[in-house]
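# I would like to see how this sequence folds:
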Amino acid sequence: MEQAYDFGLIGLGVMGRNFILNVADNGFTAFGNDLDTEKVNALKVEGGDLERVNATTDVATFVKALAQPRKIMMLVPAGKIVDAVIEGLLPHIDKGDIIIDGGNSFFTDTDRREAYLSEKGIHFFGAGVSGGAKGARKGPSIMPGGSKEGYAAVQPIFEAVSAKYKGEPCVAYLGPKSAGNYVKMVHNGLEYGLMQLTSEIYDVLKKGGDLRNEELHTTFKTWNEGRLQSFLVEITSEIFEQQDEFSDGQLIDQILDKAKQKGTGKWTSQNAMDLGIPVPSIDIAVSMREISALKSERVQADDLYDRPTVASMDKDALKKMTEEALYFSFIITYAQGLHQLADASKEYGYDVDIATIAKIWRAGCIIRAGLLADITEAFKADASLPNLLLSPSFIEKVRATVGSARKLVAYGATNGIPLPGVSNSLTYFDAYTSSRLPLNLIQAQRDYFGSHTYERLDKEGIFHTEWEE
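Numbers count the residues shown, from 1 in each chain. Below you'll find the predicted structure:
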């Protein structure tokens, strides 16, 4: 094989096949590798021209086919498989070659792999890829971080294949070490939060306003044409139109209410706790997926306890209230995730620019939304902004919608409609904007039973009291 291909990709599942075809569509030659002969042959057929797109099951043949320095991207499941693929490549590649992990690897694994490969003279970086299978084919949001020199060699390819927002590529080098994988992890945590919020609004519209699927479709479609414009609101509107092939109704009404997860939302939540950053809207989204898995127990419990009769609301009033509450909760959820990113950047030495992150999320990715354009401008105006809620450009947006969030939470509680995402967003807002919280009592309790000490409002220093029994 004499031709030297520009780009190599290992893992020809749906994501990998679509990504490599995207590379070829943008003027670069690409060579794939997979252990599955059927996947290799499927790529060859779909590519149509072996000089443009080719593939093999043999690693040695794959590596030999690539131009130096070799640019090799992995789109394989996170974990031990990534390490196995790397070890399989090492006997065949040379110093200066580049390996890219495009999967959802945990960020500490990326740090370990970069250090390991750096010692061998191999450039390595993790690159979060968001947008699903369609995004991989037509243009994803890409979040690379790690070897800056390695990224520079791949940059023309990534900028060509990425989604574009008003002509700007939705990809940027984010920082050293595992910056890319970390940003993708928080992206996925935000995805959990936004999906949970959207599902709660669907629930309350259906139960409180008796909206049928056609009305739900129209409502979300209208919202997507306004300030709630986003990929998730857009696909939600389309979901309500999908007919079920096995019955006379819509598919949505036949889908089991048990949500699965791959763990990235949980990683976001766990790491936020390690950093001491509150992300309750993401936390509860993870918990709600876990509660949903208890289907048989939920059915049993539903029979044991009386539920309130839902008081119906005027549809137009309910739509207005839910639109405002969802917009408010979206802002609060983004604020939490970006707060975590800013703190992690300092803790782990990423030195990421939050405005850049928001900018590359504006198109291609699952959490893309019109709101991100405003977020980008907020952090451009003040790169050191600790929290989106402190941005002058967001104060009025929040003030104008928080009242509806309060009303909706109260309505849900009174009528037995669980709204934990909206509720946690509101509670976070109320706590974050409170100059005085009742945690002085907790400090007194800790000192009482464990001599853990406390600080005072009126004096500097650390104090302990011998509390009277």
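# just the mean pLDDT for the one helix or strand residue 332 maps to, thanks.
Per DSSP states H and E, residue 332 falls inside helix 315-348. Averaging pLDDT along helix 315-348 yields 97.
# just the buried positions in it, please.
For helix 315-348, a neighbour-count test (16 or more other C-beta atoms under 10 Å) marks 318-319, 321-342, 344-345, 348 as buried. Where C-beta positions appear, they are placed from N, C-alpha and C, glycine not excepted.
# quick one: it to chain centroid distance?
Distance, stretch centre to chain centre, for helix 315-348: 13 Å (C-alpha atoms, centre = their mean, to the nearest Å).
# what is the longest strand seen in the chain packed up against?
For the chain, the longest strand by residue count, based on DSSP state E, is strand 123-130. When contacts are defined as 3 or more C-beta pairs under 8 Å, 6 or more residues apart in numbering; DSSP states H and E, strand 123-130 packs onto strand 98-101, helix 107-118, strand 141-146, helix 148-161, helix 179-209.
# which element follows the helix holding residue 332 toward the C-terminus?
Reading on from helix 315-348 to the C-terminus, the next helix or strand found by DSSP H and E is helix 354-360.
# next, the buried residues of the helix or strand following that following helix.
Downstream of helix 354-360, the next assigned helix or strand under DSSP H and E is helix 371-381. For helix 371-381, a neighbour-count test (16+ other C-beta under 10 Å) marks 371-372, 374-376, 378-379 as buried.
# again, but for stretch 19-39
Within stretch 19-39, the residues that qualify as buried are 19-25, 28-34, 39, counting by 16+ other C-beta under 10 Å.
# between the residues you listed, which is nearest residue 89?
Comparing the buried residues of stretch 19-39 against residue 89 with C-beta to C-beta places residue 33 closest, at 9.5 Å.
# can you pull the pLDDT of the closest one?
Turning to residue 33, the model gives it a pLDDT of 96.
# what of the one 3 residues further on?
The predicted local distance difference test score for residue 36 is 94.
# verify the stated contact: it with residue 12.
Yes - with contacts counted by C-beta atoms under 8 Å, residue 36 reaches residue 12, the gap being 7.2 Å.
# please tell me how far the most centrally placed residue in the chain sits from residue 368.
Taking C-alpha atoms, centre = their mean, the centroid of the chain lies closest to residue 188, which sits 2.0 Å from it. Distance of residue 188 to residue 368, given as C-beta to C-beta, to the nearest Å: 14 Å.
# same check, this time on residue 231
Distance, residue 231 to residue 368, by C-beta to C-beta: 5 Å.
# neighbour count: these two, which is higher?
Between residue 231 and residue 368, counted using other C-beta atoms under 10 Å, residue 368 has the larger neighbour count: 24 against 21.
# list the contacts of the more buried one.
Under the criterion of C-beta atoms under 8 Å, 6 or more residues apart in numbering, the contact partners of residue 368 comprise 141, 163, 230-231, 361-362.
# one more: residue 350?
Here residue 350 is in contact with 145, 174-179, 182, 344 (C-beta under 8 Å, 6+ apart).
# now with 7 Å?
Contact analysis of residue 350 by C-beta atoms under 7 Å, 6 or more residues apart in numbering lists 175-177, 179, 182, 344.
# in what helix or strand does the closest residue to residue 418 other than its chain neighbours lie?
The spatial neighbour of residue 418 that comes closest, neighbours along the chain excluded (C-beta to C-beta, 6 or more residues apart in numbering), is residue 412 at 6.9 Å. If you go by DSSP H and E, residue 412 is part of helix 402-415.
# let me see the mean pLDDT of that helix.
On average, helix 402-415 scores 98.
# who does it touch, helix- and strand-wise?
Secondary-structure packing of helix 402-415 (3 or more C-beta pairs under 7 Å, 6 or more residues apart in numbering; DSSP states H and E): helix 179-209, helix 315-348, helix 420-432.
# try it again with 6 Å
Contacts defined by 3 or more C-beta pairs under 6 Å, 6 or more residues apart in numbering; DSSP states H and E place helix 402-415 against helix 315-348, helix 420-432.
# could the ones you listed go into JSON lines alongside distance to residue 106?
Below are the helices and strands packed on helix 402-415 laid out as JSON lines (distance: least, C-beta to C-beta, whole Å):
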{"stretch": "helix 315-348", "distance to residue 106": "13"}
{"stretch": "helix 420-432", "distance to residue 106": "25"}
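# out of the ones you listed, nearest to residue 273?
Distance to residue 273, taken as C-beta to C-beta, is lowest for helix 315-348 among those, at 10.3 Å.
# quick check: angle from the closest one to helix 371-381?
Counting by axes from the mean of the first three to the mean of the last three C-alpha atoms, to 10 degrees, helix 315-348 lies at 40 degrees to helix 371-381.
# how confident was the prediction at residue 1?
On pLDDT, residue 1 comes in at 50.
# now swap in residue 49 and tell me
pLDDT for residue 49: 87.
# within the helices and strands, which one has it?
Using DSSP H and E, residue 49 maps to neither a helix nor a strand.
# check the one 5 residues further on too.
Take DSSP H and E as the rule and residue 54 turns out to sit in strand 53-56.
# care to break the protein down by domain?
Per automatic domain parsing, the structural domains of the chain span 7-177, 184-432, 438-469.
# can you list phi and psi of residue 57 for me?
The phi and psi values for residue 57, taken as degrees, to the nearest 10, are phi -90, psi -10.
# list the contacts for it?
For residue 57, the contact set (C-beta atoms under 6 Å, 6 or more residues apart in numbering) comprises 35, 37, 40.
# residue 268 now?
Contacts for residue 268 (C-beta under 6 Å, 6+ apart) come out as 185-186, 189, 282.
# out of those residues, flag the one nearest to residue 427.
Among the contacts of residue 268, residue 282 lies closest to residue 427 (C-beta to C-beta), at 13.5 Å.
# need the contact list for that closest one.
Contacts of residue 282 by C-beta under 6 Å, 6+ apart are 189, 192-193, 268-269.
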